[in-house]
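Student: Requesting a structural model of the entry that follows:
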Amino acid sequence: MCYDIEFESAALTIAAIVIVMVVIIPGIVTYFYYQEENELTITVKEKWIKRSDDSGDRYMVSDTNGNVYEITDLFFAWRWNSSDLYAYIDEGETYHIRTYGWRVPLFSWYPNIVEAHKVYNGTEGD
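Tutor: All right, here's what the predicted structure looks like:
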């Protein structure tokens, strides 16, 4: 009888640890990631598609200051048009952008461009 109680207690502990690791920690990281919102004006130096077998393609953009951004669909921002936004951005052009997130090299995270408006002669346009 004592064995069953110890086993149930261990099983509950393991279940709690799994829930924390799978649900709570990623939820907290995601929450703070999307709290970092920036608006800035950049001139696009280069854009490319980063191919990966395990996580799919990622649309990448770099600016003339050496910063790198990604363009991916965002569930929390309810945005599903990353390929359209990537196609809209041209190398050598200047854009006013809005981003979420920050650069975390350990996880290959980059600020994510969620909006981009082309700048014409110092005036923002579409």
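
Student: could you pull out the helices for this protein?
Tutor: Taking DSSP state H, the helices of the chain run over residues 2-19, 25-35, 82-88.

Student: ranking those helices by mean pLDDT, which is last?
Tutor: Of all the helices of the chain, the minimum mean pLDDT falls on helix 25-35 (a mean of 69).

Student: For residue 11, list the residues it contacts.
Tutor: Under the criterion of Cβ atoms under 8 Å, 6 or more residues apart in numbering, residue 11 has no neighbours. Quick note: C-beta positions are derived from backbone N, CA and C, even for glycine.

Student: In contact with residue 90, which residues?
Tutor: Residues near residue 90 by Cβ under 8 Å, 6+ apart: residue 44.

Student: Quick check: the gap between it and residue 116.
Tutor: Relative to residue 116, residue 90 is positioned 10 Å away (Cβ to Cβ, to the nearest Å).

Student: How about the contacts made by residue 86?
Tutor: Residue 86 is in contact with 47, 59, 61, 71, counting by Cβ under 8 Å, 6+ apart.

Student: export those residues to CSV and tack on neighbour count, pLDDT and distance to residue 27?
Tutor: Formatted as CSV, these follow (neighbours: other Cβ atoms under 10 Å; pLDDT from 0 to 100; distance: Cβ to Cβ, whole Å):
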residue, neighbour count, pLDDT, distance to residue 27
47, 16, 97, 31
59, 21, 96, 25
61, 25, 98, 28
71, 27, 95, 23
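
Student: with those residues in mind, which one is nearest to residue 36?
Tutor: When the contacts of residue 86 are ranked by distance to residue 36 (Cβ to Cβ), residue 71 comes first, at 16.4 Å.

Student: With adjacent residues omitted, what lies nearest to that closest one?
Tutor: Distances taken as Cβ to Cβ, 6 or more residues apart in numbering place residue 59 nearest to residue 71, at 4.1 Å, with adjacent residues excluded.

Student: Bridged to the one you found, which residues?
Tutor: Beta-bridge partners recorded for residue 59 (DSSP bridges): residue 49, residue 71.
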